[in-house]
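Trainee: Here is a sequence with its predicted model. Questions after.
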Amino acid sequence: MTDQHSILVVDDEPSICWALEKMLTGEGHAVVTASSAEEGLELARRYQPSMVILDVRLPQEDGITALPKFLEETNHAPVVIITAFGDLETAVAAVKHGATDYLTKPFKLEDAQRTCRQALQKSVRRRGSRPTRAMQPDTGSLVGVSSPMQLVFRQIALVADSDLSVLITGETGAGKELVAAAIHRHSRRADKAYIPLAPVTLNPDLIESELFGHVKGAFTGASEDRAGLFERAAGGTILLDEIGDLPLAVQVKLLRVLEQGQFTRVGDDQPRTADVRLLAATNSDLHSDVASGKFREDLFHRLSGVQIHLPPLRERPDDIAPLCEHFLKAMSYEEISVDDALLGELRSRPWRGNIRELKNAVGHAAVVARGRPITIDDFPEPKPGRGDDTASQDHLLEEVIRDWTETMMSDGSKVDSLHSKFLSAVEPSFLRIVLQSTGGNKAKAAEVLGIHRGTLRERLRAYGIEEN
């Protein structure tokens, strides 16, 4: 960044002010610091900074309350909030009160540097802020203190008040529905309908009617006109869960809704307007579905302009303790404690069912414990799944590859040719096995492999594998 800016840092921790001042002055900016909101507002009036970095917890007036005042004093210069309390409510409150972005303590200086650069790249004279709506309580169980969940909270806060479509990805049971509900709850559409729907639960022949409605006589059983999901959710939000299971014919019509804001009822030719925000969720790999032709590429790109990935529980073990506490409180078992030894055991479990599995396990343990402290014996056995077999197979495959690699390298094989040698050794057998499993059907084999039929044909020809 070459342009010089004046930046105001408001934080009652001298070490934070010092570190940010050193970082920002090193980039050529002029920096002033304050230890309270009151002092910061006086400096803002005097210096008219290009950006404000504002802590939430301050000695007198807190940062969230003071934020609108800083926006007014600086003619809506970007404000980056600093908070040690990285919960969803704080994130949303900061953004709704006009913050450009926020940092969670403790933060790395490179993260702060990147955030500040992005904030300064935006207009330093932001448009007037919208009236702030009253915050609604976060009644869902979207709980987390881990770094991955802080990122999710930040993404929700930044995207909630827009009308952008959002693709929410993550494993089954990770809480994708809770993310969607939180986006709606903190959006400008919060007072309108929120309708979640999993197309996979519907009769394939009725999905289009369920989404877009139908007119009388459109098909057998259509005895009267019926409004679809996009009409019933007018002004609100729709969540299409497991979007990858949507039939291709319906995907085309959904794309029209997203691109033109219009749809037609089944059996009708009169277009209707759709004022609906669409959220989509999936636990499948849509990239592979696009490659195999199962999912339209244009719809994928239209849906995935904003993506929020919800990490599995095994990648955020720091969230297990607050989740256990949350579930016990929700079940009216606040008196039951979970000790450190038990938490250590729970953190080591794979949790293939993610949050849903943990919630059920905590409920089971609370009932079995009957008021005494919970022990590991009160919990059900870890959920079985294909993960055990997969892990075993992966380990076996890894051993085979390791033996092959060590043998080749001990023979003096060049490292830069090792990859091609490995493919030449493995891929022919792999392709033969897949072809055998599909009865020699190359189109089906290409679909299974996730590659184009022409690519498969070229590889078969290169390896001298006879084509039937």
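Mentor: All right, it came through fine. Numbers count the residues shown, from 1 in each chain.
Trainee: Is residue 373 located within a helix, as I assumed?
Mentor: No. Per DSSP: H, G, I helix; E, B strand; the rest coil, residue 373 lies outside any helix segment and is coil.
Trainee: Got the confidence number for it?
Mentor: What the model reports for residue 373 is a pLDDT of 81.
Trainee: measure the residue nearest to residue 202 when sequence neighbours are not counted to residue 292 for me?
Mentor: Spatially, and ignoring its direct neighbours in sequence, residue 202 is nearest to residue 210 (5.7 Å; Cβ to Cβ, 6 or more residues apart in numbering). For every residue, glycine as well, the C-beta is placed using N, CA and C. According to Cβ to Cβ, to the nearest Å, residue 210 and residue 292 sit 25 Å apart.
Trainee: Looking at those two now, which is surrounded by more residues?
Mentor: residue 210 (18 against 15; other Cβ atoms under 10 Å).
Trainee: For the more buried one, give me its contacts.
Mentor: Residue 210 is in contact with 197, 199, 202, 228, 229, counting by Cβ atoms under 8 Å, 6 or more residues apart in numbering.
Trainee: before we move on, back to that, what about the residue nearest to residue 202, which SS state?
Mentor: Put simply, residue 210 is helix when judged by three-state DSSP.
Trainee: Tell me how far it lies from residue 155.
Mentor: 29 Å.
Trainee: Could I get the contacts of residue 210 in JSON lines, plus columns for distance to residue 448?
Mentor: Output for these, formatted as JSON lines (distance: Cβ to Cβ, whole Å):
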{"residue": "197", "distance to residue 448": "30"}
{"residue": "199", "distance to residue 448": "24"}
{"residue": "202", "distance to residue 448": "27"}
{"residue": "228", "distance to residue 448": "35"}
{"residue": "229", "distance to residue 448": "33"}
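Trainee: Sort out for me which of the residues you listed are in strands.
Mentor: If you go by DSSP state E, the contacts of residue 210 have residue 197 in strands.
Trainee: Among the contacts of residue 210, filter down to the buried ones and hand me the PyMOL syntax, if you would.
Mentor: Selection of buried members from the contacts of residue 210 for PyMOL, criterion 16 or more other Cβ atoms under 10 Å:
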select buried, resi 197+199+228+229
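Trainee: Could you tell me which of the contacts of residue 210 are located in helices?
Mentor: Judged by DSSP state H, the subset of those located in helices is residue 229.
Trainee: between the contacts of residue 210, which is closest to residue 378?
Mentor: Closest approach between the contacts of residue 210 and residue 378, by Cβ to Cβ: residue 197, at 36.8 Å.
Trainee: tell me the contacts of that closest one?
Mentor: Residue 197 touches 210, 211, 229, 238, 239, 240, 241, counting by Cβ under 8 Å, 6+ apart.
Trainee: Check whether the fifth one really touches residue 194, as I assumed.
Mentor: If I follow you right, that is residue 239. Yes. Counting by Cβ atoms under 8 Å, residue 194 is a contact partner of residue 239 at 7.5 Å.
Trainee: And residue 1, what's its pLDDT?
Mentor: With respect to pLDDT, residue 1 scores 41.
Trainee: go on, residue 239?
Mentor: pLDDT, residue 239: 92.
Trainee: Give the helix, strand or coil label for it.
Mentor: Classification of residue 239 by three-state DSSP places it in strand.
Trainee: Quick check: beta-bridge partners of it?
Mentor: Taking DSSP bridges as the rule, residue 239 bridges to residue 196, residue 279.
Trainee: shared neighbours, residue 239 and residue 194?
Mentor: Joint contacts of residue 239 and residue 194 (Cβ under 8 Å, 6+ apart) are 181, 184.
Trainee: Quick check on these two: which one has the bigger neighbour count.
Mentor: More crowded of residue 239 and residue 194, by other Cβ under 10 Å: residue 239, with 25 against 19.
Trainee: State the distance from that one to residue 181.
Mentor: 8 Å.
Trainee: where does the stretch 101-250 of the chain dip in pLDDT?
Mentor: Filtered on pLDDT under 70, the stretch 101-250 of the chain yields the residue ranges 122-141.
Trainee: in it, which spans are helices?
Mentor: Taking DSSP state H, counting those that start in this stretch as the criterion, the stretch 101-250 of the chain contains helices spanning 109-121, 147-159, 176-185, 207-212, 229-232, 248-260.
Trainee: Redo those helices as JSON lines? Include distance to residue 222.
Mentor: Below are the helices of the stretch 101-250 of the chain laid out as JSON lines (distance: least, Cβ to Cβ, whole Å):
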{"stretch": "helix 109-121", "distance to residue 222": "52"}
{"stretch": "helix 147-159", "distance to residue 222": "38"}
{"stretch": "helix 176-185", "distance to residue 222": "30"}
{"stretch": "helix 207-212", "distance to residue 222": "8"}
{"stretch": "helix 229-232", "distance to residue 222": "16"}
{"stretch": "helix 248-260", "distance to residue 222": "17"}
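Trainee: quick one on the thing from earlier: between residue 239 and residue 181, what contacts are shared?
Mentor: 194, 196.
Trainee: burial measure for residue 322, as a count.
Mentor: Residue 322 is flanked by 15 other residues according to other Cβ under 10 Å.
Trainee: Also the one 10 residues further on?
Mentor: A total of 9 residues lie near residue 332 under the criterion other Cβ under 10 Å.
Trainee: Likewise for the one 4 residues further on?
Mentor: Burial measure for residue 336: 21 neighbouring residues, criterion other Cβ under 10 Å.
Trainee: same check, this time on the one 3 residues further on
Mentor: Per other Cβ under 10 Å, the neighbour tally for residue 339 reads 10.
Trainee: and the helix or strand containing residue 91 with helix 147-159, angle?
Mentor: Per DSSP states H and E, residue 91 falls inside helix 88-96. Here helix 88-96 runs at an angle of 40 degrees relative to helix 147-159 (axes from the mean of the first three to the mean of the last three Cα atoms, to 10 degrees).
Trainee: what is the mean pLDDT for helix 88-96?
Mentor: Mean predicted lDDT for helix 88-96 stands at 79.
Trainee: Find the nearest non-adjacent residue to residue 445, please.
Mentor: Closest to residue 445 by Cβ to Cβ, 6+ apart is residue 438, at 4.6 Å.
Trainee: Next up, the contacts around that neighbour.
Mentor: By Cβ under 8 Å, 6+ apart, the contact list for residue 438 reads 444, 445, 448.
Trainee: do you know how far the last one is from residue 186?
Mentor: If you measure residue 448 against residue 186 using Cβ to Cβ, the figure is 42 Å.
Trainee: Look at residue 105 and say how many residues are nearby.
Mentor: A count of nearby residues for residue 105, using other Cβ under 10 Å, gives 15.
Trainee: Please tell me how far the residue lying closest to it once chain neighbours are set aside sits from residue 144.
Mentor: Distances taken as Cβ to Cβ, 6+ apart put residue 84 closest to residue 105, at 4.2 Å, once the chain neighbours are dropped. Counting by Cβ to Cβ, the gap from residue 84 to residue 144 is 15 Å.
Trainee: same deal with residue 17?
Mentor: Noted for residue 17: a distance of 29 Å to residue 144, by Cβ to Cβ.
Trainee: who's more crowded, those two?
Mentor: Neighbours were counted for residue 17 and for residue 144 using other Cβ under 10 Å; residue 144 has more, 27 against 20.
Trainee: Give the residue spans of the stretch 351-468 of the chain that score low on pLDDT.
Mentor: Scanning the stretch 351-468 of the chain for pLDDT under 70 picks out 383-400, 402-403, 406, 409-417, 466-468.
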